[in-house]
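Novice: Provide a 3D model corresponding to the input given below.
(one chain, ligands or ions: 2)
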Amino acid sequence: NKIGVIFDLDGVIVDTAKYHFLAWKQLANHLGFEFTEAHNELLKGVSRVRSLEILLDIGKVSLSEEKKQEYLKSKNEHYLKYIMKMGPEEILPGANALLDKLDNLGIEYVLGSASKNAPLILKQVNLFERFSGIVDGNSVTKAKPDPEVFLIGAQKLNLKPEQCVVFEDAIAGVEAANKANMISIGIGDKNTLHEADFNFKSLTEIPHDFFTAVIPEKIM
Ligand code: G6P
Ligand code: MG
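Specialist: Ligands and ions are numbered 1, 2, ... in the order given. Predicted coordinates for the structure are as follows:
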């Protein structure tokens with residue numbers, strides 16, 4: 001029974017959540033309200049446009065469409081300043097080893113990210129060439145928790161959704177994977193990601209027989 005893997009990017013392969021946080025926080029402060037790490041949790045996995053809506057809700061601020069576009073642009077420019085400084089040393093612990101392992105097992109993997117900056121980030125950390133396919137914020141019309149991004153990922157893998165394993169750090173992402181009828185792996189806080197089929201604190205915690213025994217048993 002063949003399996004394939006779909007990786008979220010931000011928070012799973014690289015820790016860009018901290019840069020998103022800094023950029024959103026600056027905007028919130030500019031608009032006159034506080035923006036906490038707990039607030040940031042709500043933006044994980046969520047598209048850029050939707051993130052701004054949530055942020056404005058938090059601050060109870062309403063803006064014209066024109067202002068929104070302006071802030072979306074400046075937030076991304078601020079965020080990209082951090083991204084341009086990234087290098088392979090920012091790949092999260094366990095990610096390289098996991099990709100090596102999948103290569104050795106002959107298990108294909110693609111990216112399934114909400115980010116429009118995903119290709120750039122992968123290039124910054126020298127991982128762009130490793131993925132068999134990339135589905136990102138430029139190729140989807142419906143953001144997570146809609147399953148679209150992962151369903152396109154399954155197509156790229158030439159597999160049925162039930163054969164796909166999704167690694168996610170975001171509530172919206174786990175929900176999307178579950179809706180897609182895939183096996184969801186929550187990376188991060190167990191309580192936050194309790195809807196996932198499996199939970200691990202980080203990619204370093206994945207058992208050695210996960211893809212050879214645990215997942216195949218679960219799929220059968
Ligand atoms: C990822 C992150 C989100 C981010 C989204 C869009 O899913 O987890 O926090 O809002 O990508 O990112 P972008 O790079 O397109 O602004
Ligand atoms: Mg993520």
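
Novice: This protein: helices as residue ranges?
Specialist: 17-30, 37-41, 48-58, 65-83, 95-105, 118-124, 148-157, 171-179, 215-219 (DSSP state H).

Novice: can you tell which of the ones you listed is closest to ligand 2?
Specialist: helix 171-179 (5.7 Å; Cβ to the ion). Backbone N, C-alpha and C define where each C-beta goes, glycine included.

Novice: helices and strands around the closest one, which ones?
Specialist: Applying 3 or more Cβ pairs under 8 Å, 6 or more residues apart in numbering; DSSP states H and E, we find helix 171-179 packed against helix 148-157, strand 164-168, strand 183-187.

Novice: list the buried ones in the longest one?
Specialist: This means helix 148-157. Judged by neighbour count (16 or more other Cβ atoms under 10 Å), helix 148-157 contains these buried residues: 148-154, 156-157.

Novice: How about stretch 86-96?
Specialist: 86, 90-92, 94-96.

Novice: picking up where we left off before, can you check which of the helices of the chain gets nearest to Ile134?
Specialist: helix 118-124 (6.3 Å; Cβ to Cβ).

Novice: So which bits of the closest one are buried?
Specialist: Counting neighbours by 16+ other Cβ under 10 Å, the buried set in helix 118-124 is 118-119, 121-122, 124.

Novice: Save those as JSON lines, and put in pLDDT and distance to Ile3 too.
Specialist: Output for these, formatted as JSON lines (pLDDT from 0 to 100; distance: Cβ to Cβ, whole Å):
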{"residue": "Ala118", "pLDDT": "97", "distance to Ile3": "23"}
{"residue": "Pro119", "pLDDT": "97", "distance to Ile3": "25"}
{"residue": "Ile121", "pLDDT": "98", "distance to Ile3": "25"}
{"residue": "Leu122", "pLDDT": "98", "distance to Ile3": "22"}
{"residue": "Gln124", "pLDDT": "98", "distance to Ile3": "29"}
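
Novice: want to try CSV for those, with distance to ligand 1 as columns?
Specialist: As requested, the buried residues of helix 118-124 are arranged in CSV below (distance: Cβ to the nearest ligand atom, whole Å):
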residue, distance to ligand 1
Ala118, 7
Pro119, 10
Ile121, 8
Leu122, 12
Gln124, 12
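
Novice: so which of these also contact ligand 2?
Specialist: Residues of those in contact with ligand 2 (Cβ under 5 Å from the ion): none.

Novice: Spell out which parts of this protein neighbour ligand 1.
Specialist: By Cβ under 6 Å from any ligand atom, the part of the chain that sits against ligand 1 consists of 10-11, 20, 43-48, 51, 76, 113-117, 137, 170.

Novice: Out of the helices of the chain, which is the most enclosed?
Specialist: helix 171-179 (a mean of 24; mean count of other Cβ atoms under 10 Å).

Novice: Let me have the helices and strands packed on helix 171-179 in JSON lines, adding distance to ligand 2 and mean pLDDT as columns.
Specialist: Shown next, in JSON lines, are the helices and strands packed on helix 171-179 (distance: least, Cβ to the ion, whole Å; pLDDT from 0 to 100):
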{"stretch": "helix 148-157", "distance to ligand 2": "11", "mean pLDDT": "98"}
{"stretch": "strand 164-168", "distance to ligand 2": "6", "mean pLDDT": "98"}
{"stretch": "strand 183-187", "distance to ligand 2": "9", "mean pLDDT": "98"}
